[in-house]
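In: fold the following.
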Amino acid sequence: MIREKTQTGPSETSGGAIDRRALSEKGKLVYKEQKRWLFLGLPFTFTTYLLYENDIQIKSGFLSSMENDCYMYRVIDVQLQISFFQRIFGLGTVICVTSDATNKTIVLKNIRHAREIKDFIYQASEEAKIRRRTVNMQNIGVFEDLDGDGIPD
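Out: All right, here's what the predicted structure looks like:
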């Protein structure tokens, strides 16, 4: 596993403008985990999870391979599931709900350091949303009709 704390945020040019290259690059590799068998947590699978500063990448397959990428700013919610047997062997499952076109749900199954990885994904996704200026806010009750006349108050 790779654990490096790196500088976050896009670099700025002399005029204060944001360097667009920094928004599209994956960034440094922060975590590299492998899907494991639930029994004893042995890594005898052909699925690898690569977590970069700005990207989540899943590589799977032996004879035929598949790569799936998702930008961090597309991660909407992160969930951690730890079953009884996963707890015994020090594993967990991180579930990311995304707005990605190919995968609405990304599952990092049976990985070590699952809580730490969940926290990293959540923090990195929030930072990526701020950098790209794509922060979504819920407007609860903004267009509420309080007096019932059909016109929002």
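In: find the helix or strand that A128 is a member of.
Out: helix 114-132 (DSSP states H and E).
In: can I get that helix in PDB, CA atoms only?
Out: Taking Å, rounded to 0.1, in the frame of the first residue of the first chain, the C-alpha atoms of helix 114-132 are listed here in PDB:
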ATOM      1  CA  ALA A 114     -10.900   0.200   4.300                       C
ATOM      2  CA  ARG A 115     -11.800   2.900   6.800                       C
ATOM      3  CA  GLU A 116      -8.700   5.000   6.000                       C
ATOM      4  CA  ILE A 117      -9.400   4.600   2.200                       C
ATOM      5  CA  LYS A 118     -13.100   5.600   2.700                       C
ATOM      6  CA  ASP A 119     -12.000   8.800   4.500                       C
ATOM      7  CA  PHE A 120      -9.400   9.600   1.800                       C
ATOM      8  CA  ILE A 121     -11.900   9.200  -1.000                       C
ATOM      9  CA  TYR A 122     -14.500  11.300   0.800                       C
ATOM     10  CA  GLN A 123     -11.900  14.100   1.500                       C
ATOM     11  CA  ALA A 124     -10.400  13.900  -2.000                       C
ATOM     12  CA  SER A 125     -13.800  14.000  -3.700                       C
ATOM     13  CA  GLU A 126     -14.800  17.100  -1.700                       C
ATOM     14  CA  GLU A 127     -11.400  18.800  -2.500                       C
ATOM     15  CA  ALA A 128     -11.800  17.900  -6.200                       C
ATOM     16  CA  LYS A 129     -15.300  19.300  -6.300                       C
ATOM     17  CA  ILE A 130     -14.100  22.600  -4.900                       C
ATOM     18  CA  ARG A 131     -11.100  22.800  -7.300                       C
ATOM     19  CA  ARG A 132     -13.400  22.100 -10.300                       C
END
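In: and the helices in the chain?
Out: With DSSP state H as the criterion, the chain has helices at 20-24, 84-89, 114-132.
In: what's the local residue count around N110?
Out: By the criterion of other CB atoms under 10 Å, N110 has 25 neighbours. (Glycine included, C-beta is placed from N, CA and C.)
In: coming back round to it: among the helices of the chain, which is nearest C70?
Out: Nearest of the helices of the chain to C70, taken as CB to CB: helix 114-132 at 9.8 Å.
In: from the middle of its chain, how far away would that closest one be?
Out: Distance of helix 114-132 from the chain centroid (CA atoms, centre = their mean, to the nearest Å) equals 6 Å.
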